[in-house]
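what follows is a predicted structure for the sequence shown.
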2 protein chains.
Amino acid sequence: MSVIEELIRTLGDAVLIGDRITERHRSDASLTGRNLPSAVVRPASTADVATALSICNTHRQSVVPQGGMTGLAGGANPDCGDIVISMERLSGIKEIDTAAATMTVLAGTPLEVAQRAAEDAGFLLPIDLGARGSCQIGGNLATNAGGIRVIRNGVARDNVLGLEVVLADGTVVSSLNKMIKNNTGYDLRQFFVGSEGTLGIITRAVLRLRPLPAGRLTALCALDSYADVVAFLKRAQRALSGLSAFEAMWESYFRFNCEAEGRQFFETAPAFAAIIEQDIHGQDGEREQFEAFLGQALEEGLISDALIAQSEKEAQSFWRVREGHAMDRLLPSLVNLDVSLPIGDIGRFAEECGKVLSARFPSAHVSFFGHVGDSNLHIAFSVPDADQETAHQVDAVVYPLVAAYHGSISAEHGIGTLKRDFLDQSRSPAELDVMRRIKNALDPNGILNPGKVLR
Amino acid sequence: MSVIEELIRTLGDAVLIGDRITERHRSDASLTGRNLPSAVVRPASTADVATALSICNTHRQSVVPQGGMTGLAGGANPDCGDIVISMERLSGIKEIDTAAATMTVLAGTPLEVAQRAAEDAGFLLPIDLGARGSCQIGGNLATNAGGIRVIRNGVARDNVLGLEVVLADGTVVSSLNKMIKNNTGYDLRQFFVGSEGTLGIITRAVLRLRPLPAGRLTALCALDSYADVVAFLKRAQRALSGLSAFEAMWESYFRFNCEAEGRQFFETAPAFAAIIEQDIHGQDGEREQFEAFLGQALEEGLISDALIAQSEKEAQSFWRVREGHAMDRLLPSLVNLDVSLPIGDIGRFAEECGKVLSARFPSAHVSFFGHVGDSNLHIAFSVPDADQETAHQVDAVVYPLVAAYHGSISAEHGIGTLKRDFLDQSRSPAELDVMRRIKNALDPNGILNPGKVLR
C-alpha cells in the first residue's frame, strides 16, 4: 500500500489529494514556492499528527509542516512529492490559568485569536507581529517569531513555558510545564522553538502571559546621528521600566513614508527618527514622568525634537510611518532584508551597506529601519523589475558584510530555503555540525521538512 | 601511554595528581562526595580544555567539569577514577560592550567579580544568588542558576546571548553572539545551558547586561491567606513595572526567623509575609507611587499590614529574615528542598506536603518559603540526627506529591546525582528518551560527567 493510501485509510477525510489541495499550500508569504504537495493532511488532534508521522516515517516519506503560511523564508514550501501536514484544524484555547499567568493553546490557533483570549482574561500575550491575523501559534514558535515588543518581553522563545511535540517517528513528547523555574534535565522546548519544523511538529504550547498595561505613551523623536540613537536608547532603558518599543528609521525611510502618508512631523527631515513607547498602569504621574524624561533628553541635546501622541489616533499615525505601508508601492520590486548586528555597530554597518548596494545597483532605492533596541535592522531595497534572482544578488552582497560585522543574516525571519545557502555566513562549520548531529538524533530518516535550514 | 601521562606530557603543570589534589575537588556544597578524582586538570585557555577533552575522549576517560563547587545536587562530584577539569584559571572579563549591553567573560570567573565589573560600567548583571562570592559564571550557566531577581530578568538562560563550548571530542563550538534576535538555525546556547556539564564544557559566554537601577524600594507585607499572596502578586505585577523581587514566607518560617533575629515586625504573626522590591530610576514621584500602591492594597484588604524600608539597613533586616540565616542552627539536620509548582497551586501543595511530612516524621520541623513569583517553593525540613538517608526518605515522600501537582522536583538546583533517581517524577519516558538521544549525539562515548542528570 502506498503512503497516501495508508494515510487515507487511517485518517480518512483529513487527507486531501488532487483538486482538493488548494493554492495556499504551495507557498508561504515569500511567494517563492511553485510546487503542489502530493497530499495535505489536516490533523484534528495530536493523535492524528502522531499517526500521520508514524506512517510517513515508516515509508521514509518527506513531510512539510504548515501553519498560517506567513513566513518569508520559504520554510513551509513543499517540494514535489512532499506531504504537507497543515495545522489549521488543531486550533483552540485549552486553558487560561490566571494564577500561573499561562495559556495552553493548540498549535493551529491564529495568533490574534490567542491574543484576544488573553486580553479577555485581563492579560497580554506578548508575541505580536504584523501577520497576527493569519499566522498561527505553532508557526510563531517553530520560527521563534520576533516583532516590535521584543524589547520588553523577549522573542517567542522567551514566552513559551511548555510544549507538546510529535517527533518524526510519531512519538508524542509532552512537556506542558507551567513553571518559570524548572531545572529537571535538558530544556526540551528550546530544541524545537526556532527549529522551523525540522526536529518535530509542535502540537500544543503553554504560553506565558504578562499583565495587560492600562495604556501606552508614545513619542516620535528626531535625532541627529546614530550615536545619539544609541545614547537615547540607553537613556530610555535606564529611565523607563515600562519601555515597550524602541524603533528607529533612517532619513530616507522616514522621508519616503512621511511623504507617502502626506504628513510632515518635523520642520526639517531629521537624520534619524525614533518611536518610543512606554507601558503605563493607570497610576498618577506616569505621563508627567514620560514628559520629564523627554524634556531632559531634549535639553541635553540627545534628541532635537519630540512629539508625544495626544491620542491613540496620533500614536497610530506615528506607527503607520514606521510600518511603512507605503513601501508596498515598490512591490513586487521590493527586497526586504532582516539582519541583526551588535547595537553599537548598526550605524556604521548601514552606511557601508548603503554604499556597497548603491555601487552594485546604481538605480536602487535603499533604506533602513528596525527594532534597534533588539539589535535588529531591516533593509528595504528596490530596483525596477527586481525578481528572485535580484534578491539573491542582494543577499550575496549584504550577507558577507553582515558576517564581517559579526552579525546574523536572519534576525527574525528564519532560514527556510531562501537563506540556507548563506547560513555559513553566520554559523561556523562546528556549529553546523552540531546542528546536523541534533537533526540526525531526532529525525534519523530525515523526513521532517528536508532541505530547510540545513541542506 | 596512560591518559594521565598523556595529559601531563601535553598540559604539564596544569595537571594535578596525588597529594596536589585538594579536598575541594571531592564535593560540591551538598557535601555528599567522598571520592578523590585520579587527576585534576586546570586549563588556562579554551585550547587547553580542547586538548584535555580530546585526550580523554580518545582514552574513553570520564571527565567531571568543576566550577565554584557551590552546587547542591552533587553534579560536580567525581567518582573514583574520574578526571576533573576545574575552570578556576580560565577567569576574567574579556570585554564589556556598552552599546550592545553585553559582557564577554571566561567561564571560571566568579559571579561576584563579573557583577562588580558590570556595575563599574554602569550596568546590572542580573544573575544573582547567595553563593555569588564562590560560584563561577560557567557553573551558573551549566546549571541555569535562578535566585531572587528572576521575576524581573529571568533565569541564567535568559541572560546569556552567546557561548563558546568545547564538546566531548575536543571540538570548540564558538557562538559568541551579541544580538538579541538571531534566528539562524538551532539555538545552540540553549542545549548547553542547564545541561550540567553532560553535553559540553562552557569556556566563555556573552552575557546580557541590564540598566543599573538608581535604587530599590522594599516593603515587608503581612497577608492572611495564600489566595491573598497570589492576588497581591498579580496586583504588584500589574502596577509596578520595576518589580524586582516577590518573596513569600509561610507563618512558621517567618516566625522562626524573626524570633532568631530578635525582631517583631508585626503585632501578631501573620499567616504569610511577603517581601516586594521595586527598582527605581531616580525620577520624581517613584516613592509616592509605591506607597500609593501599598496603600490601596491595604485599603482593599489584600494585605493586612505593610512596612516600607526607610533605609538600606532596614531593607536588609527584612532580607535577613527571608534568607533564613538562623536556619543554619538546624544544620546538619536540615534538608532543603527546591521544587516548583503552578503558582495557584502552591498554597494547597504546601498544606498537603506539611501534613504528609508530619505524618511520616512526627518530630519534624517543616517550613515553607520561596520565590512565589517564579513558581518556586523551598521546603526547610529538619529532624534531629537527619542524615543523607533521611534526606532521601524526605525526597521519596515529597516528589511524588510534586508530580501529582504537575510540578518540578528541581526548580533551580538541578538534578546532578542526588535527584537523578526521582527525575521520572517530573519527566516522562519520551522526554528522557529525547534527552538520551541528544546526549548520545553530542557525547557518543559518554565521557562527559557520566551518571549526572541521566543514569
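Perfect, thanks for sending it. A quick note: this is a predicted structure, and the numbers were derived from the prediction, not measured.

now residue A:161, what's its secondary structure?
strand (DSSP: H, G, I helix; E, B strand; the rest coil).

ok, it touching residue A:207?
Yes. The criterion here is CB atoms under 8 Å, and residue A:161 meets it with residue A:207 at 7.1 Å. To be clear about C-beta, it is placed using only N, CA and C from the backbone, and glycine gets the same treatment.

shared neighbours of those two, anything?
Residues touching both residue A:161 and residue A:207 (CB atoms under 8 Å, 6 or more residues apart in numbering or on different chains): residue A:102.

who's residue A:207 bridged to?
Beta bridges link residue A:207 to residue A:103, residue A:160 when assigned by DSSP bridges.

show me what contacts it?
For residue A:207, the contacting residues are A:102-105, A:114, A:125, A:127, A:137, A:159-161, by CB under 8 Å, 6+ apart.

which of those has the most neighbours?
In terms of neighbour count, residue A:137 stands highest of those at 31 neighbours, by other CB atoms under 10 Å in any protein chain shown.

centre of the chain to stretch A:62-71, how far?
Chain-centre distance of stretch A:62-71: 15 Å, with CA atoms, centre = their mean, to the nearest Å.

next one: the nearest residue to residue A:137 once chain neighbours are set aside from residue A:136, what distance?
Distance criterion CB to CB, 6 or more residues apart in numbering or on different chains; nearest residue to residue A:137, sequence neighbours excluded, is residue A:109 at 5.0 Å. For residue A:109, the distance to residue A:136 (CB to CB, to the nearest Å) stands at 6 Å.

those two: who's more crowded?
Neighbours were counted for residue A:109 and for residue A:136 using other CB under 10 Å; residue A:136 has more, 29 against 26.

ramachandran coordinates for the more buried one?
Torsion angles at residue A:136 (phi, psi; degrees, to the nearest 10) stand at phi -120, psi 150.

what is the burial count for the closest residue to it other than its chain neighbours?
Once flanking residues are discounted, residue A:136 sits nearest to residue A:67: 3.9 Å by CB to CB, 6+ apart. Neighbourhood size, residue A:67 [other CB under 10 Å]: 29.

likewise residue A:288?
12.

is residue A:9 in a helix, a strand, or coil?
helix.

ah, wrong one, I meant residue A:455
Once three-state DSSP is applied, residue A:455 turns out coil.

ok, it touching residue A:420?
Yes. Between residue A:455 and residue A:420 there is a contact under CB under 8 Å: 6.2 Å.

out of the two, which sits in the more crowded spot?
Counted by other CB under 10 Å, residue A:455 and residue A:420 do not tie: residue A:420 has more neighbours, with 18 against 11.

the stretch 51-200 of chain A: helices as residue ranges?
Taking DSSP state H, counting those that start in this stretch as the test, the helices found in the stretch 51-200 of chain A are A:111-120, A:137-142, A:150-153, A:188-192.

now do the longest one: which elements does it pack against?
If contacts are counted by 3 or more CB pairs under 8 Å, 6 or more residues apart in numbering or on different chains; DSSP states H and E, helix A:111-120 sits against strand A:93-97, strand A:102-106, helix A:137-142.

per-residue confidence for residue A:375?
Residue A:375 carries a pLDDT value of 96.

neighbours around it, how many?
Count around residue A:375 with other CB under 10 Å applied: 30.

please give me every residue in contact with the nearest residue to it once chain neighbours are set aside.
The shortest distance from residue A:375 to any non-neighbouring residue, by CB to CB, 6+ apart, is to residue B:179 (4.0 Å). Contacts for residue B:179 were tallied using CB under 8 Å, 6+ apart; they are A:340-342, A:374-376, A:407-408, A:411, B:100, B:161.

rewinding a little: include mean pLDDT when you put the helices of the stretch 51-200 of chain A into a markdown table, please.
Formatted as a markdown table, the helices of the stretch 51-200 of chain A follow (pLDDT from 0 to 100):
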| stretch | mean pLDDT |
| --- | --- |
| helix A:111-120 | 98 |
| helix A:137-142 | 98 |
| helix A:150-153 | 93 |
| helix A:188-192 | 95 |
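
tell me which of the ones you listed is the most buried.
Of those, the one with the most neighbours on average (mean count of other CB atoms under 10 Å in any protein chain shown) is helix A:137-142, at a mean of 30.

just give me how far that one sits from the chain centre.
Put simply, helix A:137-142 sits 9 Å off its chain's centre (CA atoms, centre = their mean).

now what about that helix, what contacts it?
With contacts defined as CB under 8 Å, 6+ apart, helix A:137-142 is touched by A:65, A:67-68, A:70-71, A:76, A:87, A:90, A:105-111, A:114, A:127, A:129, A:145, A:156-157, A:160, A:163, A:192-197, A:201-203, A:205, A:207.

for the residue nearest the centre of chain A, which non-adjacent residue is spatially closest?
Nearest to the geometric centre of chain A sits residue A:145, at 3.2 Å (CA atoms, centre = their mean). In space, residue A:145 comes closest to residue A:156 once its chain neighbours are excluded; the distance is 4.5 Å by CB to CB, 6+ apart.

got it, and residue A:243?
Excluding the flanking residues, the one nearest residue A:243 by CB to CB, 6+ apart is residue A:236, at 5.4 Å.

and stretch A:40-47, what's buried?
Of all the residues in stretch A:40-47, those buried under the rule 16 or more other CB atoms under 10 Å in any protein chain shown are A:40-44, A:46.

closest to residue A:80 out of these?
In terms of CB to CB, no member of the buried residues of stretch A:40-47 lies closer to residue A:80 than residue A:40, at 13.9 Å.

what is the neighbour count of residue A:240?
Per other CB under 10 Å, the neighbour tally for residue A:240 reads 23.

against which helices or strands is the longest helix seen in chain A packed?
Longest helix of chain A, by residue count under DSSP state H: helix A:388-404. When contacts are defined as 3+ CB pairs under 8 Å, 6+ apart, helix A:388-404 sits against strand A:334-340, helix A:346-360.

still on that earlier bit, what would the helices of the stretch 51-200 of chain A look like in JSON lines with distance to residue B:442?
Formatted as JSON lines, those follow (distance: least, CB to CB, whole Å):
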{"stretch": "helix A:111-120", "distance to residue B:442": "34"}
{"stretch": "helix A:137-142", "distance to residue B:442": "22"}
{"stretch": "helix A:150-153", "distance to residue B:442": "30"}
{"stretch": "helix A:188-192", "distance to residue B:442": "12"}
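
for those helices, which one sits closest to residue B:319?
When the helices of the stretch 51-200 of chain A are compared by CB to CB, helix A:150-153 sits nearest residue B:319, at 27.6 Å.

could you export that closest one as CSV, CA atoms only?
What follows is helix A:150-153, C-alpha atoms only, in CSV (Å, rounded to 0.1, in the frame of the first residue of the first chain):
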residue,chain,number,x,y,z
VAL,A,150,10.6,42.2,22.0
ILE,A,151,12.5,44.9,23.9
ARG,A,152,10.0,44.4,26.8
ASN,A,153,9.1,40.8,26.8
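
at contact distance from chain B, anything in that helix?
Yes. Against chain B, helix A:150-153 shows contacts by CB under 8 Å from any CB of the partner chain at residue A:150.

and that helix, what does it pack onto?
strand A:243-250.

so where do the strands sit in the stretch 301-450 of chain A?
Taking DSSP state E, counting those that start in this stretch as the criterion, the stretch 301-450 of chain A carries its strands at A:305-308, A:334-340, A:365-370, A:376-382.

so what pLDDT did the nearest residue to residue A:17 once chain neighbours are set aside get?
For residue A:17, ignoring the flanking residues on the chain, the nearest one in space by CB to CB, 6+ apart is residue A:39 at 4.9 Å. Looking at residue A:39, its pLDDT reads 98.

ramachandran coordinates for residue A:39?
According to degrees, to the nearest 10, residue A:39 has phi -160, psi 160.

quick check: the gap between it and residue A:66.
Using CB to CB, residue A:39 is found at 12 Å from residue A:66.

dig out what residue A:174 forms beta bridges with.
residue A:164.

was I right about it contacting residue B:427?
No. Between residue A:174 and residue B:427 there is no contact under CB under 8 Å: 10.1 Å.

the more surrounded of these two?
Between residue A:174 and residue B:427, counted using other CB under 10 Å, residue B:427 has the larger neighbour count: 25 against 16.
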